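*Asks:* here is the input, now give the coordinates:
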Amino acid sequence: MSIYQKDKKEIRTTPCRLSVKEMRESAPAGESRVIEGVAIVFGPEYRVTDSWGDTYVERISPEAVTTDWLKTQDVKLNLLHERNATIARCNKGKGNLQMSVEKDGLHFSFEAPACDLGDRALALVRAGVYSGCSFEFYPQDYEVKETQDASGDTVTEVTHTHFESLSALTIAMDPAYEETSVTVRELLKKMDDVAHAQDAARASERVEEAAEHSAAEERWYLREEEKLLRLKRRERMNRNRYC
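*Replies:* As a prediction, this is how the structure comes out:
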């Protein structure tokens, strides 16, 4: 059973501790602008409904994300999955996004930039409106097994043991892991876009094939007409020669 495609981006929204870091008493006066949280939680099982409509149980193993592996990744932090709303980044260990692998999962923190996006993130995290995190990844190694639940139904369990890449973290509104409706809509839209592009490509290929076939037929008719003209010229020349 193949759950994932290597080239398919998966997005998960996970329960997390998302907050604005409190200022220490010894710190300079002023409000903290550091937002911190846990983007990927290791161990717990979550029920996921993917873009194909299949439901299964998923867990992230601690070896899926390691400190050394993180140093090879270019990870952006966005607001609400908006790629034009990136407010932090860690590119191979450098940038304003700090990430660390702890026993319970992938922790992150960053100082919100002094701009409209940074101010919005601070205000809405403080208000509890933004209360979850998403992570976007490409799967690589995972284990799949099927078990029976108490009702006798088959349950598919997927355990990720290694990601191919981690492309983004997202500050989100819904903390529940199974709240993937936005993700599903996004993935379905991408699938529709790909399908439309493939249909358009196939239609274009059919048009090109038809045009090539028509051109080939036209070349054949021209060659046949040229042969007929040569035969007629030869006949006229023979008649003129022997008359």
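
*Asks:* now this structure, which segments are flagged as low pLDDT?
*Replies:* Counting by pLDDT under 70, the chain contains low-confidence ranges at 1-9, 11-19, 21-30, 50-53, 174-196, 236-243.

*Asks:* what segments of it are helices?
*Replies:* 67-70, 116-126, 181-242 (DSSP state H).

*Asks:* K76 contacts F135, correct?
*Replies:* No - counting by C-beta atoms under 8 Å, K76 stays clear of F135, with 11.1 Å between them. Heads up, the C-betas are built off the backbone N, CA and C, glycines and all.

*Asks:* now do the shared contacts for the two.
*Replies:* Common contact partners of K76 and F135 (C-beta atoms under 8 Å, 6 or more residues apart in numbering): 168-169.

*Asks:* which of those two has more neighbours?
*Replies:* Set K76 next to F135 and count neighbours by other C-beta atoms under 10 Å: F135 wins out with 26 against 19.

*Asks:* ok, the more buried one to L166 distance?
*Replies:* To L166, F135 is 7 Å away according to C-beta to C-beta, to the nearest Å.

*Asks:* before we move on, what about R219?
*Replies:* As judged by C-beta to C-beta, R219 and L166 stand 55 Å apart.

*Asks:* for S151, grab phi and psi.
*Replies:* Main-chain dihedrals, S151, degrees, to the nearest 10: phi -90, psi 0.

*Asks:* got a list of what it touches?
*Replies:* Contacts of S151 by C-beta under 8 Å, 6+ apart: none found.

*Asks:* quickly list the domain ranges of the chain.
*Replies:* Following automatic domain parsing, one gets these domains for the chain: 10-179, 180-243.

*Asks:* among those domains, which is the most enclosed?
*Replies:* domain 10-179 (a mean of 16; mean count of other C-beta atoms under 10 Å).

*Asks:* from the chain's centre, how far out does that domain sit?
*Replies:* 14 Å (C-alpha atoms, centre = their mean, to the nearest Å).

*Asks:* quick one, the lengthiest strand in the chain and helix 116-126 angle?
*Replies:* Using DSSP state E, we find that the single longest strand of the chain is strand 154-172. Put simply, strand 154-172 runs at 120 degrees to helix 116-126, going by axes from the mean of the first three to the mean of the last three C-alpha atoms, to 10 degrees.

*Asks:* for strand 154-172, packing partners?
*Replies:* strand 10-15, strand 34-41, strand 55-60, strand 74-79, strand 132-148 (3 or more C-beta pairs under 8 Å, 6 or more residues apart in numbering; DSSP states H and E).

*Asks:* tell me which strands it pairs with, and in which orientation.
*Replies:* strand 55-60 (parallel), strand 74-79 (parallel), strand 132-148 (antiparallel) (DSSP bridges).

*Asks:* would you turn the helices and strands packed on strand 154-172 into TSV with distance to A112?
*Replies:* Output for the helices and strands packed on strand 154-172, formatted as TSV (distance: least, C-beta to C-beta, whole Å):
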stretch	distance to A112
strand 10-15	21
strand 34-41	6
strand 55-60	27
strand 74-79	10
strand 132-148	15
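
*Asks:* and those strands: which comes nearest Q98?
*Replies:* Of all the helices and strands packed on strand 154-172, strand 34-41 sits nearest to Q98, with 8.7 Å by C-beta to C-beta.
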